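Colleague: return a 3D structure for these sequence lines:
(4 chains)
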Number of protein chains: 2
Amino acid sequence: MPPDFVRNEPAYRQVVRSIEAKIMSGQWSVGDRVPSETTMAGDFGVHRSTVREAVRVLEQNGLVRRHDGGKLLYVTAPREADISARITAAIVLHEISFLELWESMRCFEPVLAECAARHIDDETLDLLQANLDKTRASLEDQQALVQLDIAFHQIIARASRNRALQLCRQPISQLFYPSFSKVLTSLSAGERLLFAHEKIVQALRNRDAVGARSWMDKHIVDFRRGYELANLDIDMAADWPADQR
Amino acid sequence: MPPDFVRNEPAYRQVVRSIEAKIMSGQWSVGDRVPSETTMAGDFGVHRSTVREAVRVLEQNGLVRRHDGGKLLYVTAPREADISARITAAIVLHEISFLELWESMRCFEPVLAECAARHIDDETLDLLQANLDKTRASLEDQQALVQLDIAFHQIIARASRNRALQLCRQPISQLFYPSFSKVLTSLSAGERLLFAHEKIVQALRNRDAVGARSWMDKHIVDFRRGYELANLDIDMAADWPADQR
DNA sequence: GCCTCCATTATTGTCCGACAATAAATTCTA
DNA sequence: TAGAATTTATTGTCGGACAATAATGGAGGC
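Modeller: A predicted model of the protein is given here:
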């Protein structure tokens, strides 16, 4: 017998659950075409509007998607961006403090660096080297430094080959960086940043997991000191980056 | 002029963005009532069906919600469960390996224990003590042990007072535990588990952040050894727990 | 046989309107 | 003034319609 909460479950939600189950169980695989709204309306015995509402939900969950500019619907795995946007919203609306974000970054980044040290290939090392060179050339340009730092950490995150951690890190780093930008600007800490990055890359080049981890940790800890020196309140809630409004 | 990607943006999506912006910017606060579909249809100059599709999206994002059994819509902060389910789906569909999950747990749990050591109160310590007692009494009951272990780690996660990390940890631990269950059953590692938990609680009781962290780390590392002893393939993709189908 | 261009078809996005069920608000009554 | 009865508002679902355009299939040229 169905539990209470499904007895009065609206039709569109039943349709969602039904399709979701087909996808999660592999009955519909990633890449498969999803039947048209009209077809599904027939199959499920509901009106097309009802199917539509269900499709919106699934689309939002990233389980189905239309190819760029197309109207046909396909089964797909949720993209990082889908998840990320949602975690970001949750963090902002729960008024999660900067301290919590910093603790999270301090949790992620050293581990990612450690994992990266074990998997990194020469091509990625070249990317990091290029990033270092650009950083060295941009020590006076705070705006560029922030962008380069974001890229630097992103490259390392990817190199970790750990998609679960990348998924978690993405939204947190996104909310973390606006403050980072303030610190960098108020302290002109470009030199310190470059030094830390160089040490990290050196460790990665030597496939020195322990070194990469500990330099990354220092780097993140150092940032918090900067945050306090810049006289910013660490218990303040993260806010929604202007570039997403 | 609006950029390319909004020129042909469907109306329902514009409505979503519009409402989303109101919420994220604080113009509509958490707890506020959202106008009725009919009202919004008038306000936005679209048909009610169009508003409905937008509402489905926002509802799914956890930005609006109906109170249990009610029909009125309110602004709300996304719940952990909303996000968690999404991340879980992403991990499964991307066929993320157990190794990645384990690395993630090894990332989260020691840090959470460390943070917990700094914030934990006596009430929570009592909860942990009760958990230990039950664990000691259930050493022969594998099923109960798994549940108690889940609860143990959950208590510590909460005690960390870091909601960002809790948010990330939740879905990963959910996918992690099915394997954990297999290991425990095949190795009868109840004693080892209890010993580690006792050490962790002891450290927490002493507010010993370093100790809590390092015992937790040992605990997680130990689990991986168990995983290998139990002859399970660490590169296998996580699968969708049956209890969610 | 393979490719390009065009006509046809399928599909989506949006709208209009309607109705039953029921939650919410209001009025009435004790 | 508290609770019951009644009215109103709101949602969930349905039926159908139409324009825009992506997808498909065929005709003709290479």
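Colleague: okay, CA-based contacts and neighbour counts for the rest of this
Modeller: Will do.
Colleague: state the number of residues packed around the closest residue to residue A:197 other than its chain neighbours.
Modeller: Closest residue in space to residue A:197, ignoring its immediate chain neighbours: residue A:132 at 7.2 Å, by CA to CA, 6 or more residues apart in numbering or on different chains. By the criterion of other CA atoms under 10 Å in any protein chain shown, residue A:132 has 20 neighbours.
Colleague: list the contacts for residue A:132?
Modeller: Shown in contact with residue A:132 (CA atoms under 8 Å, 6 or more residues apart in numbering or on different chains): A:194, A:197, A:198.
Colleague: flag the least confident of the residues you listed.
Modeller: Note: of the contacts of residue A:132, the lowest pLDDT belongs to residue A:194, at 94.
Colleague: residue boundaries of the helices in chain A?
Modeller: A:4-7, A:11-24, A:37-44, A:48-61, A:80-93, A:98-119, A:122-137, A:142-159, A:163-187, A:190-205, A:209-229 (DSSP state H).
Colleague: do the fourth one and chain B come into contact?
Modeller: I take that to be helix A:48-61. Yes: against chain B, helix A:48-61 shows contacts by CA under 8 Å from any CA of the partner chain at A:49, A:52, A:53, A:56, A:57, A:60, A:61.
Colleague: check what pLDDT the second one gets.
Modeller: Going back to what we said before, that points to residue A:52. 98.
Colleague: got a list of what it touches?
Modeller: A:37, B:53.
Colleague: residue B:49 versus that one, what's the distance?
Modeller: Separation of residue A:52 from residue B:49 (CA to CA, to the nearest Å): 10 Å.
Colleague: with the first one instead?
Modeller: Distance of residue A:49 to residue B:49, computed by CA to CA: 8 Å.
Colleague: over to the last one?
Modeller: Taking CA to CA as the measure, residue A:61 falls 20 Å from residue B:49.
Colleague: now swap in the fifth one and tell me
Modeller: As judged by CA to CA, residue A:57 and residue B:49 stand 14 Å apart.
Colleague: look at those two and report which has more neighbours.
Modeller: residue A:57 (25 against 17).
Colleague: look up how far residue A:221 lies from the residue nearest the centre of chain A.
Modeller: With distances taken as CA atoms, centre = their mean, the residue of chain A nearest its centroid is residue A:170 (2.2 Å). Between residue A:170 and residue A:221 the distance, using CA to CA, works out to 19 Å.
Colleague: which residues touch the spatially closest residue to residue A:48 that is not a sequence neighbour?
Modeller: In this structure, residue A:48 finds its nearest non-sequential neighbour in residue A:41, 5.1 Å apart by CA to CA, 6+ apart. Residues in contact with residue A:41, defined by CA under 8 Å, 6+ apart, are A:47, A:48, A:50, A:51.
Colleague: same thing with residue A:170?
Modeller: Residues near residue A:170 by CA under 8 Å, 6+ apart: residue A:84.
Colleague: for residue A:151, see how far away it is.
Modeller: 12 Å.
Colleague: next: residue A:90.
Modeller: According to CA to CA, residue A:90 and residue A:151 sit 24 Å apart.
Colleague: so where's chain A uncertain?
Modeller: Within chain A, the stretches with pLDDT under 70 are A:1-7, A:188, A:241-245.
Colleague: and it, which of its residues are near DNA strand D?
Modeller: When proximity is defined by CA under 7 Å from any atom of the strand, chain A lies next to DNA strand D at A:9-13, A:45-50, A:67, A:69-72.
Colleague: I'd say residue A:135 and residue A:196 touch.
Modeller: No: here residue A:135 lies out of contact with residue A:196, judged by CA atoms under 8 Å, at a distance of 11.7 Å.
Colleague: give me the more crowded residue out of the two.
Modeller: The neighbour comparison of residue A:135 against residue A:196 (other CA under 10 Å) goes to residue A:135, with 24 against 18.
Colleague: tell me which parts of chain A are close to chain B?
Modeller: By CA under 8 Å from any CA, the residues of chain A that approach chain B are A:21, A:24-25, A:30, A:49, A:52-53, A:56-57, A:60-61, A:77-79, A:83, A:86-87, A:89-94, A:96, A:100-101, A:103-104, A:107-108, A:111, A:162-165, A:168, A:172, A:240, A:245.
Colleague: who are the contact partners of residue A:129?
Modeller: Residue A:129 touches residue A:201, counting by CA under 8 Å, 6+ apart.
Colleague: now with 10 Å, please.
Modeller: By CA atoms under 10 Å, 6 or more residues apart in numbering or on different chains, the contact set of residue A:129 is A:123, A:135, A:152, A:197, A:198, A:201, A:202.
Colleague: for ChimeraX, write a command that selects the buried ones of those residues.
Modeller: Buried residues among these (16 or more other CA atoms under 10 Å in any protein chain shown), as a ChimeraX selection:
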select /A:135,152,197,198,201,202
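Colleague: mind picking the two most distant members of the contacts of residue A:129?
Modeller: Greatest spacing in those, by CA to CA: A:123 and A:135 (18.5 Å).
Colleague: name the nearest of the contacts of residue A:132 relative to DNA strand C.
Modeller: Each of the contacts of residue A:132 was checked against DNA strand C using CA to the nearest atom of the strand; the closest is residue A:197, at 44.7 Å.
Colleague: isn't the closest one up against residue A:149?
Modeller: Yes: contact criterion CA atoms under 10 Å: residue A:197 and residue A:149 qualify, at 8.7 Å.
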